[in-house]
Structures are given as structure tokens and as C-alpha cells.
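Participant: model the structure of this input:
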Amino acid sequence: MRRSSGTAPGRGRSRAANRSSSHGQFKETDGTAANNYNTLVQKIFGPMKTFERWDEPKASSAEAERQGERSPDKNDKNAGKGQGKDDDQWSVNCEDFNYELTVEDSDGRQNKKVKPLILKEGENLEISGKKFKLCSAMTGNYGFAEIIEEESKMPFYLHYETMVNSKKRKLKVGCQVHILAAAANRTHIIRLIQRGTDTSLHVRYFVTDAYGPTLSDLQSKRAYQKFTVGTATRLSIESLNAIEDLHAIGYVHRDIRPTSFIIGRGAFESQIYLINFGCVRKFRTKDGKIIPARSYAPFVSSVRYASRACHDRLECARKDDLESWLFMSVEFYHINILSWRSMSNLAEIRREKEAFMSERGARALRMDCLSLPPRLPSAVTEISSLRYETTPNYEALREIFKKHLETKSFKIRSKWDWISTTTAESMDNAARQATNLDPPKNN
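Facilitator: The predicted structure is shown next:
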């Protein structure tokens, strides 16, 4: 990736050699549709790499420590266990992401103070020999921007992170999630097309397919900010499927909320994807062993949807993603259903969540909102019974919402609320015709 010759005056082309590698995960059952779309993408980025098998080298202990949010507690015997030797075997090969960049001044001295990244909307970039135009500015240490390929007018998202003055290494973790999801053919995680580094702009990046609005955006545009019962129930099921996809590759999300789920664009606006992997954490090693919990973990989720364990500063596990998922799911039926929505005191919010996650509280909630699944108390009981190391019964939770669909005489494949009202405005008409595919099917 580099600025192309069409950039603003005074900004030269990149002189540094940039490294990049291409990847793909598009494996729907409709082979013709997949081939049509992949052919278009390959014309832009080159051949897609098939993820059949990955060699996963061990990382250094320093790199393992960088995966956490803080240094291990010297008094905590379990701190860092599983995040070292065994856990590093679960890391994929992202060695083309250079994390040891140092910048030299004109006199040859090393200098890590680099000006903040600022690329303005409308600037031109060159990736894989193709020219792209920025549809939004790139600023700050971490983020994403929409880019348009100038010849085909096809949209993509460019996710980036500065290579200096950035301690979290969020992009590398996100890249690992995308790659492992591709290798496992997980369809609820957006496709990663290419990754690389640009030493002239001091950024590492990866490119994904463009996607549509978040579930939060879609709900805010609805009358009374609520979905129909059919859409609310199906969203609960599809978002659960997406969370299960992430858990299947050994990660917990730790920030489940409506803004972490998006829909596809154009022909893929029926597909739900999980995004925002900046807070993900590994919970098991490659051989399936559960990584021991730390005695203390930072609060990393949003206050409204954080699990009780997160409030208690305990290590989050799969059960906590599901607890956050349940808080989110009931809001699909009624935006003001969570009693702590307008609260700011963490202790009071924690007490309200404790009441919610009781069978009595769930029954009372169901009586207040009859559009909720009648078996909501069963979902609360199922999630509350889970422990840190327990594998959740995803199918039991799915059945609670599927039965609700049957009771309401809705079909699992009926149209979403937004299908008849939204259009892919940002997708060029020619690109829409070229990508006239059926939505990808779930495994």
C-alpha cells in the first residue's frame, strides 16, 4: 500500500518496498456465484490463497505478553499461564506484520517519534498495483476506512494500525481471527482479502470486503427503535451463530453489542457478520486445553452489555459472551427493555444485571414484554449455569428462539426488516450487477 501519483501536491510516492500477501475464504455452496465474485476480486488483488492448513510458529514470550492488556501480576500464580508456550502455538503466521519498526532521522539516529497518520478523504492509494481512492479519512493509531478501486468502482474496507506509538497490537490479533476463521470456513466473519505493511506511511493494514451498517444503526432507523418479532428473533439466532464461529477458533470476543455486528452489502445484505476484534482474547491452546483464568482482568466491554464477571474484574470466557448476547438480544424486541440502560453507577448496574440473570427476573421481564420468547427463563438458566471452562450448549439456546419463530409462524429464512427499505447506496451499480450473487449460506 502506498500513496499513488494522484495524491495531493507535495506528497511524494512511497519509496519503501512494501510487503503484502493475499488471502481468501469465500466458500459458499453456490460455486458459480463464488467464482464470479472471486474472479472480480482476483483481477484487483491477484490470486486468493486457500486456507487449508497453516503452520503456526511459536511466538516469543515478549510477543505473548503483548497479547494481554497488562503485564502479569507477579503475585498471581496463574497470571500469564496459557498465554505463553502452549498458547503461542495457536498464533497464525503474521510475520509480514513488522512490529519492530524503528525510524531513522537524516543523521542516522533512531527515532520512534513519528507524526500522526493523516490521510485525507479523496487521497489516492496504490495496493497491489491498483489505484484506490479513500472515501473517508485515515487518522489516529487504529481504525478503518472505505476505499474504492478506481477501475471497477468496487468498495473495500482498509483496516490499519500505526507501526509505532501503538502498544495494543490490535490489528495483528484481528488478522489472526480473520485467517483462522477462513481456515475453518466460518461464514460469520468478514472475508480478509489482503494484508501487508507500508514502511513509508508507518502502518500495517489488511483489506476486507466492504460491509453495511451495524445492527445498532439499523435498529435506530426503525419505528420506535425496535425490530419486528421475526427479525428480532432471527437476529438473536444469527448473532449467536456468529459468536459460536468465533469461539470455535479459540477466541472470546469480550465486547458483544449491536455495534459489533454488521450486515453485508448489496446481494449479501441478508448475511450477519461479527466484527470489532480489538478486545478478543484466546481462551484455549491449539490442542484444546483451556487457558487458566487470571485472578484479575481489566474491564474491556461496554458498560451496558458487559457481563457480571466483567463487572467483577474476572476473566471473561465463552459464558460471558453469551451473557452479553442475551442482554443485546432482548433489546432487539424493545430498545428500553434493559432496566439499567440510563444508569451510570456501576454498582447499581451490576445489581440490575444480577436480577435480570435470575429465573424470577426473566419471568418478570417476559410478562412486561410478551414479544420475548416464552422460554427466556430457560436461556437465563442455561447461561447462568456455565463456568469459565464450560463449553456452552449453543444448540439449546438456538432452539429457544427457533421455537419462538415457529410459535409466531415466522420462517427462519424470511426477509429482514431492512431488505425492503435499504439500498446499497455506496456500491456502484456496475459492481452490483457484477456481484449479483445469492447470500452465502451458513454451515
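
Participant: now do residue 312 against residue 298, distance only.
Facilitator: 12 Å (CB to CB, to the nearest Å). C-betas here are computed from N, CA, C, even on glycine.

Participant: packing partners of the host helix or strand of residue 383?
Facilitator: Under the criterion of DSSP states H and E, residue 383 resides in helix 376-384. Applying 3 or more CB pairs under 8 Å, 6 or more residues apart in numbering; DSSP states H and E, one finds that helix 376-384 contacts helix 318-333, helix 359-368, helix 394-407.

Participant: next, format those helices as TSV and append mean neighbour count and mean pLDDT.
Facilitator: Listed next are these as TSV, based on neighbours: other CB atoms under 10 Å; pLDDT from 0 to 100:
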stretch	mean neighbour count	mean pLDDT
helix 318-333	24	98
helix 359-368	15	95
helix 394-407	16	94
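
Participant: dump those helices into JSON lines; add distance to residue 280 as well.
Facilitator: Shown next, in JSON lines, are the helices and strands packed on helix 376-384 (distance: least, CB to CB, whole Å):
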{"stretch": "helix 318-333", "distance to residue 280": "10"}
{"stretch": "helix 359-368", "distance to residue 280": "28"}
{"stretch": "helix 394-407", "distance to residue 280": "18"}
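
Participant: keeping just the C-alphas, turn stretch 300-320 into PDB.
Facilitator: The C-alpha trace of stretch 300-320 is given here as PDB (Å, rounded to 0.1, in the frame of the first residue of the first chain):
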ATOM      1  CA  VAL A 300     -12.900  -4.200  28.400                       C
ATOM      2  CA  SER A 301     -16.500  -4.300  27.400                       C
ATOM      3  CA  SER A 302     -19.200  -1.700  27.100                       C
ATOM      4  CA  VAL A 303     -21.000  -0.900  30.400                       C
ATOM      5  CA  ARG A 304     -24.500  -1.700  29.100                       C
ATOM      6  CA  TYR A 305     -23.700  -5.100  27.700                       C
ATOM      7  CA  ALA A 306     -20.800  -6.200  30.000                       C
ATOM      8  CA  SER A 307     -21.300  -9.500  31.800                       C
ATOM      9  CA  ARG A 308     -21.400  -9.700  35.600                       C
ATOM     10  CA  ALA A 309     -17.900 -11.300  35.600                       C
ATOM     11  CA  CYS A 310     -16.600  -8.300  33.700                       C
ATOM     12  CA  HIS A 311     -18.000  -6.000  36.400                       C
ATOM     13  CA  ASP A 312     -16.200  -8.100  39.000                       C
ATOM     14  CA  ARG A 313     -12.900  -7.800  37.000                       C
ATOM     15  CA  LEU A 314     -12.800 -11.600  36.400                       C
ATOM     16  CA  GLU A 315     -11.500 -13.300  33.300                       C
ATOM     17  CA  CYS A 316     -14.200 -13.400  30.600                       C
ATOM     18  CA  ALA A 317     -15.000 -16.700  28.900                       C
ATOM     19  CA  ARG A 318     -17.500 -18.000  26.400                       C
ATOM     20  CA  LYS A 319     -20.300 -17.800  29.000                       C
ATOM     21  CA  ASP A 320     -19.700 -14.000  29.300                       C
END
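
Participant: of the helices and strands packed on helix 376-384, which is nearest residue 246?
Facilitator: Among those, the nearest to residue 246 by CB to CB is helix 318-333 (7.8 Å).
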